[in-house]
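Trainee: next one to model:
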Amino acid sequence: MTTQQLPGITMRDVSATPIVADAPSSHRGRLFRKYLLLILSLVTIALLASGAIGIYFSYQENRAALGSVQHEKALAAASRIEQYIIGIEQQLKYAALPQLGAGEVELRRIEFLKLLRQVPEITDIAQVNGAGREQVLVSRLGMDNFNSGKDRSQEPAFQGARRGQAWFGPVYFRKETEPYLTIALRSNSDDGPVTIADVNLKFIWDVVSRIKIGEKGKAYVVDANGYLVADPDIGLVLRKTYLGALPHVVATEKGKAEEEAIVSTDLSGTQVLTSVAFIEPLRWRVFVEQPVAEVYGKLNASILRTGLLLLAGLVLSALGALALARGMVRPIRTLDEGARRIGAGDLERQIEVRTGDELEGLADQFNRMTSKLRESYAGLERKVDERTHELQNSLDQQTAISEILRIISGSPTDVQPVLQAVTERAAHLCDAPYARMLLVDGDKLRPVAEYSVDASAASASVPLDRTSVSGRAVIDRKTVHIPDIAPIVDSEFSGAKVNVERLGIRTALAVPLMREGGAYGTLFLFRREARVFSQDQVALVETFARQAAIAISNVSLFNETREALEQQTAISEILRVISGSPGDVRPMLHAVAERALALCDAQESGIFLAEGERLRFAVGVGSMSIPDKNASFPLTRTLVVGRSIIDRRTIHHADILPLIESEYPDAREPQQRYGFRALLAVPLMREDRAIGSIALWRVQPQPFTDKQVALVKTFADQAALAIENVRLFNETKEALEQQQAISEILRVTS
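Mentor: Residues are numbered from 1 along each chain as shown. Sure, this is the predicted structure:
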């Protein structure tokens, strides 16, 4: 058996016995104690030094930070109180605007009364003319005066008011309880009238009481004379509390503060940390104070915690030094543990041995071996994951396509579910936060389906031009894929700049919904980061776009076929009614009106017949009850029906309301009674003359389509032909009856 002697470690031949650590106990104990004492000493000194320095500087910095925070609270409180006074000033300015008219004094009184209702803080408000004579006085506490002529020219408010600048008087206490402030405004010019208002400051209590300063702190206002103006404890204000003797109030009498925050005492003698902010126009001081025990409580607790953590660190350092010292003499155990893990298949952990000898080299060999094994396994796992991911994507795409096909087959008359499903599946499968389907509508692209992970992307029409991504895809009839639109939005897509900036669009994809010779619209997706869509994703969206185009075409063909069938059915029904009542025109007219109402989506349909200079209502169907079945009207061009008969042409108005006064004044009364807006009138033509008219009404201002107009014209031709046939049938019948009567008379006489 061969051995190799190392300092403190004996290596034995692996064919003989396992690897063990072997060293004299006295040497081992001496090395263990040396490293233990050295590590423990270094860690203890470092912890104590860094802890003491950290506590000192942290204490100083936190004190400064607390003072700065306190000052910021004071500034914020002062700003809120100043905005409160400015709000009253603005209301006063509105009420002081010049009045036009002979009753200026009465108008001014009304404005002042409105102001008292809107601003409960104002108790008295008066207007004094340029000579200092009182014109109007409105008060909550006394009688109102008008043109009293009272001389107020010597009052400070009148003398101090300047045009364009509000004058604020000193705080005074009415009946030694409630604090008041006088505000004066001069309008028009430097010698113009002055509006003087007395403001009750006790309402500031609501402002300061909402300002929270910790748990026990508060904000309060002191005027230039040292009296308390506003405080969460309203009782202190109403007792006219004087705070001018407090140290922090005395320190700010010169209008400035030496420090951001100072330690002072409040009325009860409690030590507080206080800061001040000044409201210069009012010469007020806003103080924010908080008990020192509360302010520094967290800081002291932090110092205590730091000390405890330092002590815990020392204990942990001792334990760590003990563990480290023991671990330094046991590298073979690390190798043994590593070998067992490799044998168990754990290839993720590295064997860490830092002895600088053959043991470290052996550990490196183990690590290189496990690294190669791990790379081999990782390659296999990566290939499996990639294949699994590809299969999953393919399955998801096939599932989405199958789902869309199922929706297409399930809604042959409504394309909206298909478009919504296509939009949602495209967004999900392409990892896009937003997708939208747009269809061509004139010179715009109208959104019809949308998916968004948030509410920020509101639907809106898009111009059909090449300055928008969707418009360019439709015009060019090809897919537009922009990896990053931000650098080129100004030069290439100026029409989309607003949406790009509002929605944060970076990568955009627009695929046209192609049909023969053009495009129905586009399917648009975007991402908020510059991350291109993969080729598979682009191909998938193109597949979805083709499915959507097919669905739109199928629904369109289905609806056209259904409409044609309904029209043929209606025409056949009308012909059946005509053949079934050759001598009575009324069933046929009722059938025509009923079919026109159903196929044209109207609220009322009616047929009018011309009888000389009158227009008789023959039949009507619908929910508007227009008009009485025996009603007749003058045959005039000031009625839509009459104009269609006289001019022998179709009259169609999407909204008749703007034309009532100028074109159809006689239609004003029925329009107001029945509320119709859209109107269609088609004449019943027979041999270049109109014998009547068929009319349809809608209560919405919505035009009839060209197909609906053509269908009504067909119904009108059938009705005219039926009326003429009934007339000829009746004339023939009467002639036959006359011939039979003559024959009977001749037979009797003979």
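
Trainee: could you use CA atoms for every contact and neighbour count after this?
Mentor: Fine.

Trainee: which residues of the stretch 451-600 of the chain fall in strands?
Mentor: Remark: strands assigned in the stretch 451-600 of the chain by DSSP state E, counting those that start in this stretch are 462-463, 480-482, 507-515, 518-527.

Trainee: in a markdown table: those, plus mean pLDDT and distance to Leu746.
Mentor: Formatted as a markdown table, the strands of the stretch 451-600 of the chain follow (pLDDT from 0 to 100; distance: least, Cα to Cα, whole Å):
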| stretch | mean pLDDT | distance to Leu746 |
| --- | --- | --- |
| strand 462-463 | 84 | 85 |
| strand 480-482 | 92 | 94 |
| strand 507-515 | 89 | 78 |
| strand 518-527 | 88 | 78 |
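
Trainee: reformat those strands as JSON lines; add distance to Gln739 and mean neighbour count.
Mentor: Below are the strands of the stretch 451-600 of the chain laid out as JSON lines (distance: least, Cα to Cα, whole Å; neighbours: other Cα atoms under 10 Å):
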{"stretch": "strand 462-463", "distance to Gln739": "74", "mean neighbour count": "22"}
{"stretch": "strand 480-482", "distance to Gln739": "83", "mean neighbour count": "20"}
{"stretch": "strand 507-515", "distance to Gln739": "68", "mean neighbour count": "25"}
{"stretch": "strand 518-527", "distance to Gln739": "67", "mean neighbour count": "25"}
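
Trainee: those strands into TSV, with extra columns for distance to Val538?
Mentor: Compiled in TSV, these are given as follows (distance: least, Cα to Cα, whole Å):
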stretch	distance to Val538
strand 462-463	22
strand 480-482	8
strand 507-515	8
strand 518-527	10
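
Trainee: so which of those strands comes closest to Ala548?
Mentor: Closest to Ala548 of the strands of the stretch 451-600 of the chain, according to Cα to Cα: strand 507-515, at 6.9 Å.

Trainee: what's the closest one in contact with?
Mentor: Residues outside strand 507-515 that contact it (Cα atoms under 8 Å, 6 or more residues apart in numbering): 469-470, 473-474, 477-485, 519-533, 538, 541-542, 545-546, 548-549.

Trainee: also stretch 75-91?
Mentor: With Cα under 8 Å, 6+ apart as the test, stretch 75-91 has contacts from 115, 119, 166, 183, 204, 207-208, 211, 219, 276-279, 286, 288.

Trainee: next one: stretch 656-672
Mentor: The contact list for stretch 656-672 (Cα under 8 Å, 6+ apart) reads Arg637, Thr638, Leu639, Val640, Arg677, Ala678, Leu679.

Trainee: please redo it, this time with the cut-off set to 7 Å
Mentor: Thr638, Leu639, Val640, Arg677, Ala678, Leu679 (Cα atoms under 7 Å, 6 or more residues apart in numbering).

Trainee: quick one: end-to-end length of that stretch, please.
Mentor: Terminal residues of stretch 656-672 are spaced 11 Å apart (Cα to Cα, to the nearest Å).

Trainee: tell me how far it is from the chain's mean position?
Mentor: Its chain's average C-alpha position is 42 Å from that of stretch 656-672, according to Cα atoms, centre = their mean, to the nearest Å.

Trainee: same question, stretch 297-312
Mentor: How far stretch 297-312 lies from its chain's middle: 46 Å, per Cα atoms, centre = their mean.

Trainee: list the buried ones in that stretch?
Mentor: By 16 or more other Cα atoms under 10 Å, the buried positions in stretch 297-312 come out as Leu299, Ile303, Thr306, Gly307, Leu310, Leu311.

Trainee: so what does the stretch of helix or strand the last one belongs to touch, helix or strand wise?
Mentor: Per DSSP states H and E: Leu311 is located in helix 297-328. Helices and strands touching helix 297-328, by 3 or more Cα pairs under 7 Å, 6 or more residues apart in numbering; DSSP states H and E, are helix 25-95.

Trainee: got the angle between the helix it packs on and helix 297-328?
Mentor: 150 degrees (axes from the mean of the first three to the mean of the last three Cα atoms, to 10 degrees).

Trainee: and the average pLDDT for helix 25-95 is what?
Mentor: Averaging pLDDT along helix 25-95 gives 76.

Trainee: which SSE is immediately downstream of that helix?
Mentor: Once the chain leaves helix 25-95, the next helix or strand it forms, by DSSP H and E, is helix 104-118.

Trainee: in that following helix, what's buried?
Mentor: Val105, Arg108, Arg109, Glu111, Phe112, Leu113, Leu115, Leu116.

Trainee: what does that helix rub up against?
Mentor: So helix 104-118 is contacted by Ala95, Gln99, Ile122, Ile125, Val136, Val138 (Cα under 7 Å, 6+ apart).

Trainee: ok, 6 Å please
Mentor: Ala95 (Cα atoms under 6 Å, 6 or more residues apart in numbering).

Trainee: then stretch 182-192?
Mentor: 130, 157, 161-163, 166-169, 193-198.

Trainee: buried subset of those residues as a ChimeraX selection?
Mentor: Remark: buried members of the contacts of stretch 182-192, expressed as a ChimeraX selection using 16+ other Cα under 10 Å:
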select :130,157,161,162,163,166,167,168,169,193,194,195,196,197,198
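
Trainee: in strands, which of the contacts of stretch 182-192 fall?
Mentor: Applying DSSP state E to the contacts of stretch 182-192, the entries found in strands are Trp167, Phe168, Val194, Thr195, Ile196, Ala197, Asp198.

Trainee: all strands of the stretch 201-350 of the chain, in order?
Mentor: Secondary structure of the stretch 201-350 of the chain (DSSP E, counting those that start in this stretch): strands located at 218-222, 228-230, 262-265, 271-279, 284-291.

Trainee: nearest spatial neighbour of Gly447, chain-adjacent residues omitted?
Mentor: For residue 447 the amino acid is Pro, not Gly. Distances taken as Cα to Cα, 6 or more residues apart in numbering place Leu438 nearest to Pro447, at 4.2 Å, with adjacent residues excluded.

Trainee: try Ile646
Mentor: Excluding the flanking residues, the one nearest Ile646 by Cα to Cα, 6+ apart is Arg637, at 6.9 Å.

Trainee: could I get the ones in strands among the contacts of stretch 182-192 as CSV with pLDDT?
Mentor: Below are these laid out as CSV (pLDDT from 0 to 100):
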residue, pLDDT
Trp167, 90
Phe168, 90
Val194, 88
Thr195, 90
Ile196, 89
Ala197, 90
Asp198, 90
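
Trainee: any idea which of those is closest to Arg406?
Mentor: Ala197 (75.6 Å).

Trainee: which residues does that closest one contact?
Mentor: Asp124, Ile125, Thr182, Ile183.

Trainee: what is the burial count for the last one?
Mentor: Taking other Cα atoms under 10 Å as the neighbour definition, Ile183 ends up with a count of 24.

Trainee: related to what we said a few turns ago, export the strands of the stretch 201-350 of the chain as JSON lines, with columns for distance to Val315 and mean neighbour count.
Mentor: Shown next, in JSON lines, are these (distance: least, Cα to Cα, whole Å; neighbours: other Cα under 10 Å):
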{"stretch": "strand 218-222", "distance to Val315": "44", "mean neighbour count": "25"}
{"stretch": "strand 228-230", "distance to Val315": "55", "mean neighbour count": "27"}
{"stretch": "strand 262-265", "distance to Val315": "39", "mean neighbour count": "18"}
{"stretch": "strand 271-279", "distance to Val315": "38", "mean neighbour count": "23"}
{"stretch": "strand 284-291", "distance to Val315": "37", "mean neighbour count": "26"}
